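Peer 1: need a structure here:
(4 chains)
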2 protein chains.
Amino acid sequence: MKTQSVREQLIEHTLVLIRRRGFNGFSYRDLAELVGVKTSSIHYYFPSKDDLVLEAVREYSARTYERIRAIDTKLPPAEQARQYLEPIRQGVGTDQACLVGMLSAEVLSLSEPVRATMRDYVHMHEHWLTGLFERAQPLRDTPYPVPPAQLAEVAYGALQSGLVTARLFGTRERLEAAAALLVGVMPQP
Amino acid sequence: MKTQSVREQLIEHTLVLIRRRGFNGFSYRDLAELVGVKTSSIHYYFPSKDDLVLEAVREYSARTYERIRAIDTKLPPAEQARQYLEPIRQGVGTDQACLVGMLSAEVLSLSEPVRATMRDYVHMHEHWLTGLFERAQPLRDTPYPVPPAQLAEVAYGALQSGLVTARLFGTRERLEAAAALLVGVMPQP
DNA sequence: GTCTATAAGGCGATAGAC
DNA sequence: GTCTATCGCCTTATAGAC
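Peer 2: This is a model prediction of the structure:
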């Protein structure tokens, strides 16, 4: 556990706060108490709450990009799917949903720059999943029920919903159902 | 357009406010201004915000129950699916997502009675969809990639996510992808 | 039932000392 | 950079007149 600057700690705790309670569900006071500074110090780094959230979404997006980029696309598709799902599965049951999934419900309270960064995040997932389905298609003996790009939108949406509802039901059931569909349409080794 | 009591108007506008902005995104002041009363009058009908939201979820759930109950289960499965999807499709593009979909992201701010009512709502959808898939299964020539109950969870999740993200992207694309999968696994006439 | 008035505290944000 | 102090407004909720 290496030492973090105040700015880094602010981002880190903002990620957790939003993933737990959403944009309208946390305050500068909450964040200040977690980091151990006064609220005015937050304004030094992030003049407005909008600036803070924008940086949080960018950081979250950058981490996810690196993670997805690191998956070797020459592996068997089922193994690629497994690696894609791993950290999503790990996050379920922690009271934290996906940051972008949380913010999507509150989109009317968010600025256009934040929304644009959120759209990029969703596109990144859908683009990668579309590629996965396209790579897997020639190895299957039956065609998909819908084209790869549509299947990617459905699969990603079901995963997002699975993460959000895990907190409501206290079970990973819906996330695993989405994961089963994703793995189920991969050619099995 | 028939005349509504103040209590009815309060519920009606609460439904819209939550479906637009979520639980933490609207205030008694917002609601009072829409109905044309003072905030203290809201407290007369609904002592706390929690009481108000609980009644809103109950009302929303009751309406959906009546709607789904009215679908004739002896119709061809593809037609049942079409009738199920119709009002969901109609709602997209109105800046309003599903009430329960919105509240799911804010579950940590909600009381246990509200959560229980939300769970019932989700179960109602999943139960009906499971039944639909089971009725359709014998008419298909290939088996589903996953069991009916799991397919129901995935389909419902993808629809929910499609409604929420329609506001972020300004397109019904993701909702229609989920609808296409649902209709796509029905035996076609 | 609906109002006025107000309590008691939270909110994001800023000024200015150190 | 971080603090104290404060601004102006919003929040849910209550007391009590009419």
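Peer 1: so A:Leu85 versus DNA strand D, what's the distance?
Peer 2: 38 Å (Cβ to the nearest atom of the strand, to the nearest Å). Using the backbone N, CA and C atoms, a C-beta is placed for each residue, glycine as well.
Peer 1: could you do A:Ile68 as well?
Peer 2: Distance from A:Ile68 to DNA strand D, by Cβ to the nearest atom of the strand: 32 Å.
Peer 1: what's the answer for A:Val16, then?
Peer 2: Counting by Cβ to the nearest atom of the strand - A:Val16 and DNA strand D are separated by 19 Å.
Peer 1: pretty sure that residue contacts A:Ala97?
Peer 2: No: using Cβ atoms under 8 Å, A:Val16 makes no contact with A:Ala97, being 11.3 Å away.
Peer 1: neighbour-wise, which of the two wins?
Peer 2: More neighbours surround A:Ala97 than the other of A:Val16 and A:Ala97, with 26 against 17 (other Cβ atoms under 10 Å in any protein chain shown).
Peer 1: so is that one in a helix, a strand, or just coil?
Peer 2: coil (DSSP: H, G, I helix; E, B strand; the rest coil).
Peer 1: that one reaches A:Leu159, doesn't it?
Peer 2: No: the pair A:Ala97 / A:Leu159 is not scored as a contact, 10.9 Å apart, by Cβ under 8 Å.
Peer 1: tell me the pLDDT of the residue lying farthest from the centre of chain A.
Peer 2: In terms of distance from the mean C-alpha position of chain A, A:Asp141 ranks first, at 31.9 Å (Cα atoms, centre = their mean). Note on A:Asp141: pLDDT of 88.
Peer 1: show me which residues of chain A sit near DNA strand C.
Peer 2: Residues of chain A found near DNA strand C (Cβ under 7 Å from any atom of the strand) are A:Phe26, A:Ser27, A:Tyr28, A:Arg29, A:Asp30, A:Thr39, A:Ser40, A:His43, A:Pro47, A:Ser48, A:Lys49, A:Asp50.
Peer 1: roughly how far apart are A:Thr165 and DNA strand C?
Peer 2: Taken as Cβ to the nearest atom of the strand, the span from A:Thr165 to DNA strand C is 26 Å.
Peer 1: that residue reaches A:Arg174, doesn't it?
Peer 2: Yes: between A:Thr165 and A:Arg174 there is a contact under Cβ under 8 Å: 5.3 Å.
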